[in-house]
Every structure is written in structure tokens, then in C-alpha cells.
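# Fold the following.
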Amino acid sequence: MDASDRLVTVFGGSGFLGRRIVRHLRLDGFCVRVASRHPDRGEALRGPDDRQLRWVKADVYDERSVADALANAYGAVNAVSLYVERGRETFHSVHVEAAQRVAAQARQAGVKRLIHVSGIGADPRSPSLYIRKRGEGELAVRAAFPDAVLIRPAVMFGPDDAFLTAIIKLLRRLPIYPMFGNGQTRLQPVYVEDVGQAIAKIMQQEQTGPILFECGGPRVYTYEGFLRTVASAAGIKPILLPVPLAAWGALAWIGEMLPSPPITRNQVELMRIDSASMPEIPGLRELGISPHSIEQILQDILTKGSPI
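Below is the predicted model of the structure:
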């Protein structure tokens, strides 16, 4: 790959995962164009050594701006996601229509490598609207860009996440911690930096053809086991109380009326299914990445407040 082939456009590059994707692409020598609805916010944070990083205005709902953001790019990453539907921003408009638009414009622009971020469990036949639209989005992307690489991360954690850090705060504040259901749902949390590194490594690869990766951490937990692991590392001994998922769904419905809902119905739906990678699908280890454990990162968060 010569210098003219080093430009990658990242949609969703200002998000929790997107920031890590951008950083790892730059560490691997790529020039990065971050496509954002608010590029001025990113440009204002750019340092003097960020000459290989550019923010451009783009809206995944607008075909022309998507096409402009992809002009002359070697690769593209779509890391745009939605967890709460509001107005025109629906699971279908973001995970299906916008995903298809990015893929179609990437192919038309002659992009050589497209990576689409989905999620473990994505299934177009799922009764869950969120999970179903994730699955439909994968199909739409593959129809528009047959050689697209699909990345399915498990639930991601990191120092500034809305998952692990929120659980630690609640465990510290609540003497009795309400669990989702009976706590037996299986999950395989993955460190967000590992997923960002995986995407950068895939962008370096030369092979073509449809490829699917599932990114999970080094250990599969039950939800109850995960809570006990986190509590133990933080020196907490909570009482874990099973709460029916139907009750959580009702609470989430009320919570979604707030500007920043503490829990969404989508999150409740995700706790109904296992979220673990399938052994027959390649993942982090096949990319030469040794995944970080919850315990490694948690200790670092608790002692330093920063990632490894």
C-alpha cells in the first residue's frame, strides 16, 4: 500500500468506539478523515501533530455529503450506531438505510475496503426490533458492497463507557443490586481498544471477499458472575436481587421519556439473549490480538482512572 492508498474515512469517528478506530488507524500510518455532522467540534480539539487527521461535515442521511466524505478514500469504516430512537433517528433509518447508503456510495466511489460495525447477535429474524435491524443492516451492506467486512463486537467496555463504569457506581451506591432476570444470560465483554485495533488491522489486510469477525473478550460470564467479578475487584459485597425482565421493560419505557434515559428497552431486550462469540467465526486472536480481560482494565480504572 503506497502513500496514495492511506486515506480512510470513518463515519461515527467521534463516538465511543469510533475514537479508538481513528487512533489505531493513525498509529498504523493511515490518514484519517472523520465524517461528522459537527466537524467543528473535532477540529477544535486537534493538536499540532494531527496533520494526518481531518474532520469533514457529513450526514449519513444525506447521500451527497456521504459521497463527498468518501471521495478518493482507500477505505471506509461505518461505526455509526443508535441505542434510543428519537424522531427521524430510528433503528431502521440508522442501522439499515444509512448503512446501505454508506455502502452504496463507498462502492460507487471505488473504495477498496469497507468495514461495517454491527454487533454480536445481529439477526434479521429476531423478535427484538434493535437486533432485527442490526441483522437487516448487515444484509443491506452486503447487497450494496459484497466484499464488505462485518465486525460484530460483544458489549464493549472502557474507562469512559456507559456499561462498566455505570455498574461500578451502582454497586457502590446500592446495598441491594437489582439484576436483569435471573442473572444467567451469558456475555463476553470486550475491551473497546481491542476492537479499535482489530478494525485497523483488518484495514491493513490485502485479502478480498466477504468476511465476518466476532470480537469478544477472553472470558464468557453469566451476568451474575460478571457482576460478582466486578464487585470483588472493587472491594464491594453487594446483595444481588433477581428482577423479572418484564419489570425492567416497564421501567425502561418510562425512562426513555427522559433526555438521558438511565436504561432503554433496547438494553433490556439485549439481556434476554446470550452475547458471546461463536468459536467457528474468526475473532481477535485470528488477528493476532490477545484480548484484555475485565479484571485487567478494571484494576487500571480503579487505581488510575485511565486505560492501559
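# Please make it C-alpha for all contacts and neighbour counts, starting now.
OK.
# which residues of the chain fall in helices?
16-27, 39-45, 63-70, 91-92, 99-108, 129-144, 164-173, 192-204, 223-233, 245-255, 265-270, 294-304 (DSSP state H).
# Turn those helices into a markdown table, including distance to E286, mean pLDDT and mean neighbour count.
Formatted as a markdown table, the helices of the chain follow (distance: least, Cα to Cα, whole Å; pLDDT from 0 to 100; neighbours: other Cα atoms under 10 Å):
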| stretch | distance to E286 | mean pLDDT | mean neighbour count |
| --- | --- | --- | --- |
| helix 16-27 | 18 | 95 | 21 |
| helix 39-45 | 33 | 58 | 13 |
| helix 63-70 | 29 | 96 | 20 |
| helix 91-92 | 31 | 96 | 22 |
| helix 99-108 | 25 | 98 | 23 |
| helix 129-144 | 22 | 96 | 22 |
| helix 164-173 | 26 | 87 | 16 |
| helix 192-204 | 10 | 96 | 22 |
| helix 223-233 | 25 | 93 | 18 |
| helix 245-255 | 36 | 88 | 16 |
| helix 265-270 | 26 | 78 | 18 |
| helix 294-304 | 20 | 81 | 16 |
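# got CSV for those, with distance to I239 too?
As requested, these are exported to CSV (distance: least, Cα to Cα, whole Å):
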stretch, distance to I239
helix 16-27, 31
helix 39-45, 43
helix 63-70, 50
helix 91-92, 35
helix 99-108, 42
helix 129-144, 31
helix 164-173, 9
helix 192-204, 29
helix 223-233, 10
helix 245-255, 18
helix 265-270, 21
helix 294-304, 20
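# quick one, what contacts L298?
L298 makes contacts with 230, 233, as judged by Cα atoms under 8 Å, 6 or more residues apart in numbering.
# of all the helices of the chain, which lies closest to C215?
helix 192-204 (6.7 Å; Cα to Cα).
# Now do that closest one against helix 16-27, angle only.
50 degrees (axes from the mean of the first three to the mean of the last three Cα atoms, to 10 degrees).
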